[in-house]
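pasting a predicted model and its sequence here:
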Amino acid sequence: MALIDIDNLVFGYGKAAPVLDGVSLSIAHGERIAILGGNGSGKTTLAQWIAGSLPRPGMTARSGTLHAEGKPWSDWDALKRAETIQFVGQIPSQQISGFAFTVYDELVFGPGNLGLEEAEIRKRADWALDTCNLRHLVERDPFTLSGGEQQRLSIAAALVMQPKALVLDEPTGNFDPESREKLLNQINQLPEDLTVILCDMALKPALAIARRFLLLDEGRIVADSDAQAILAHPRTLEVFGAPAVTEAALAIRAAGRWPEGKPLPLTYGQAEALFKEVSHAHG
Ligand SMILES: Nc1ncnc2c1ncn2[C@@H]1O[C@H](COP(=O)(O)OP(=O)(O)OP(=O)(O)O)[C@@H](O)[C@H]1O
């Protein structure tokens, strides 16, 4: 059974034009997916629907359905949902519970609500401290951390819930290149059966993590494909620009994932040619 099944979802805030316009999507357990797109294309909104944080009270979809493991999110109890999907948003300070005086307390807060044994809670917190490189900050007040440190804490606080899926909305937005590299490596070392859904405005973090790429444009999924096809998509070129596409293609090649014998899109023209070839191959 799919983790998430979205069928023809149409959603807008208030009376405004739809932000998600006929989105259909199925996500299997264990997938590593990136949701890409420009500003305002609907990435965060879609990610929040996937994670069950939308619709908020008073909001409804204009049409369509969303099921998590075969059941509408509205039928799920909050704790069960928290054990299934965790959402980490873009603004780190907003992710902090406000109930904890130290980083350690922040990490044990969620599992404590699940009613787990003390030893299990400590084991999870210990693992998350190492995984997210927070050990040296364990006694600090979460609100005194830097933006990047708070972001790592938010991810750690999501991981201690041991969810089946982690939804990350631009997780490395606050990071210097070294910290970004480290976090992406750490995400790649998470258990393989953990589903990871990443929204990003940058191609490189997405390529480092995902194997499946969705491209959103004005609330519609205009591509749902692999790295090579997504890099060659004309909308990718328009949104991210040829230099970012080329840099991303080189990164895939360095990781040994660029298909043998396929030219790298080193210029806009080459990227367009590759796009034509990919569209032809896909009929
Ligand atoms: N709470 C809200 N109320 C009204 N409009 C909203 C709300 N949240 C988002 N929107 C609008 O919905 C559209 C999609 O926003 P969303 O944040 O989903 O896009 P995004 O692709 O994540 O953008 P960005 O890359 O800039 O974060 C935008 O036009 C935005 O202004």
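All right, it came through fine.

show me where the protein has helices.
43-51, 78-84, 92-95, 103-113, 118-131, 147-159, 177-188, 203-209, 227-231, 234-240, 242-254, 268-281 (DSSP state H).

could I get those as JSON lines with distance to residue 36 and mean neighbour count?
Bear in mind the C-beta positions are built from the backbone N, C-alpha and C, glycine included. Compiled in JSON lines, these are given as follows (distance: least, Cβ to Cβ, whole Å; neighbours: other Cβ atoms under 10 Å):
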{"stretch": "helix 43-51", "distance to residue 36": "7", "mean neighbour count": "23"}
{"stretch": "helix 78-84", "distance to residue 36": "24", "mean neighbour count": "15"}
{"stretch": "helix 92-95", "distance to residue 36": "22", "mean neighbour count": "16"}
{"stretch": "helix 103-113", "distance to residue 36": "29", "mean neighbour count": "21"}
{"stretch": "helix 118-131", "distance to residue 36": "25", "mean neighbour count": "16"}
{"stretch": "helix 147-159", "distance to residue 36": "20", "mean neighbour count": "23"}
{"stretch": "helix 177-188", "distance to residue 36": "15", "mean neighbour count": "16"}
{"stretch": "helix 203-209", "distance to residue 36": "6", "mean neighbour count": "23"}
{"stretch": "helix 227-231", "distance to residue 36": "7", "mean neighbour count": "23"}
{"stretch": "helix 234-240", "distance to residue 36": "7", "mean neighbour count": "19"}
{"stretch": "helix 242-254", "distance to residue 36": "10", "mean neighbour count": "17"}
{"stretch": "helix 268-281", "distance to residue 36": "15", "mean neighbour count": "15"}
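
so for the ligand, which of those sits nearest?
helix 43-51 (3.3 Å; Cβ to the nearest ligand atom).

average model confidence for that closest one?
For helix 43-51, mean pLDDT is 96.

going by mean pLDDT, which of the helices of the chain comes out lowest?
Minimum mean pLDDT among the helices of the chain: helix 268-281, a mean of 64.

same list (the helices of the chain) but as a markdown table, adding distance to residue 15.
Output for the helices of the chain, formatted as a markdown table (distance: least, Cβ to Cβ, whole Å):
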| stretch | distance to residue 15 |
| --- | --- |
| helix 43-51 | 16 |
| helix 78-84 | 29 |
| helix 92-95 | 26 |
| helix 103-113 | 36 |
| helix 118-131 | 42 |
| helix 147-159 | 33 |
| helix 177-188 | 38 |
| helix 203-209 | 33 |
| helix 227-231 | 33 |
| helix 234-240 | 27 |
| helix 242-254 | 36 |
| helix 268-281 | 37 |
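
quickly list what residue 165 is bridged to.
For residue 165, the beta-bridge partners are residue 85, residue 195 (DSSP bridges).

which residues sit in contact with it?
Residue 165 makes contact with 3, 4, 27, 29, 51, 84, 85, 86, 194, 195, 196, 197, according to Cβ atoms under 8 Å, 6 or more residues apart in numbering.
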